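S.K.: 3D model of this:
(one chain, ligands or ions: 2)
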Amino acid sequence: MAREIAPDYFDPLATDPEQARDVARWRGAERNRLRAARDRMSVASRKDVSVSLAKQLQRLLINRFNGGRGKVLSVYWPIKGEPDLRPLMAELHDEGVTIALPLVEVKAAPLAFRRWTPDTRMVRGDWNIPVPPPDAEPMTPDITLAPLVGWDPAGFRLGYGGGYFDRTLAALAPRPVSIGVGFHTARLQTIYPQPHDIPLDFILTDAGVQVERQERP
Ligand SMILES: Nc1nc2c(c(=O)[nH]1)N(C=O)[C@@H](CNc1ccc(C(=O)N[C@@H](CCC(=O)O)C(=O)O)cc1)CN2
Ligand SMILES: Nc1ncnc2c1ncn2[C@@H]1O[C@H](COP(=O)(O)OP(=O)(O)OP(=O)(O)O)[C@@H](O)[C@H]1O
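M.R.: Ligands and ions are numbered 1, 2, ... in the order given. Here you go, the predicted structure:
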């Protein structure tokens with residue numbers, strides 16, 4: 001397995017198909033491991049993490065983005081043990097932040113975003129994820145939160161394996177500020193970045209800002 005050998009074995013700019021296959025297999029195993037660990041967490045500790053993460057996010061928004069006021073912030077509707085930021089969504093909405101939620105409108109394409117308010121009646125989208133209804137206003141986020149299955153100190157993110165956030169960040173111009181949010185315990189030494197992987201601007205966990213990238217393209 002990839003993790004049993006030196007991290008620099010994988011040349012991020014190489015496109016050796018055999019190596020790409022090895023990385024994909026390793027990521028599959030790590031996703032399963034991290035998701036199983038998350039599933040095993042008690043309801044109480046997951047709640048603690050969600051509360052801490054929401055506080056950290058609020059602090060980051062205040063310190064860097066004027067609290068997010070006047071901006072479009074995309075959050076996510078929690079699934080599969082992800083931290084629950086819904087109480088913060090409502091609070092930010094009340095403070096003048098425009099909240100958007102991502103959805104898969106077209107498979108293997110960039111995500112779409114629709115406006116969410118506390119009155120929005122959610123419907124079932126792809127993968128059974130609740131999403132705002134088709135008549136909700138389409139949005140382009142200024143700041144996008146990407147839920148983390150895993151993260152690394154270089155700012156790279158492991159998600160569910162659909163490649164949706166990478167495609168979305170690659171497609172949007174100007175690129176939104178990207179903030180990966182998740183459990184501090186989901187840290188990996190490296191995700192063995194591949195040519196399509198885009199590092200996030202921030203990695204934020206329940207323990208605070210872990211990564212802040214200086215240069216943004
Ligand atoms: N709460 C939440 N909402 C979100 C995301 C998220 O990570 N969390 N997404 C963040 O992107 C998008 C949905 N992401 C998805 C990612 C993968 C698959 C999917 O079909 N996965 C396949 C396996 C894919 C593969 O390995 O090839 C499956 O599990 O069957 C669906 C949606 C938008 N909404
Ligand atoms: N910009 C892109 N254009 C085309 N394909 C892409 C792009 N970005 C990623 N992909 C494809 O998506 C697949 C999954 O990528 P990856 O393992 O990075 O997923 P992930 O970031 O964990 O998933 P997600 O963002 O959906 O949570 C890869 O096979 C990759 O080839």
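
S.K.: for this structure, which segments count as strands?
M.R.: All strands of the chain, identified by DSSP state E, fall at 72-74, 98-103, 112-116, 123-124, 130-131, 143-147, 150-151, 157-158, 177-182, 202-205, 208-212.

S.K.: and the fifth one, what does it pack against?
M.R.: Taking 3 or more C-beta pairs under 8 Å, 6 or more residues apart in numbering; DSSP states H and E as the contact definition, the neighbouring helices and strands of strand 130-131 are strand 123-124. For the C-beta atoms, the positions are set from N, CA and C on the backbone; glycine is no exception.

S.K.: which strands border the strand it packs on, and is each parallel or antiparallel?
M.R.: Listed by DSSP bridges, the sheet partners of strand 123-124 and their directions read strand 130-131 (antiparallel).

S.K.: give me the contacts around the strand it pairs with.
M.R.: Applying C-beta atoms under 8 Å, 6 or more residues apart in numbering, the contact partners of strand 130-131 are Trp77, Leu101, Leu103, Arg114, Met122, Val123, Arg124, Gly125.

S.K.: buried subset of those?
M.R.: In terms of neighbour count (16 or more other C-beta atoms under 10 Å), the buried residues within the contacts of strand 130-131 are Trp77, Leu101, Leu103, Arg114, Gly125.

S.K.: which residue does the chain have closest to ligand 1?
M.R.: Proximity to ligand 1, evaluated over the chain using C-beta to the nearest ligand atom, is greatest for Gly162 at 3.0 Å.
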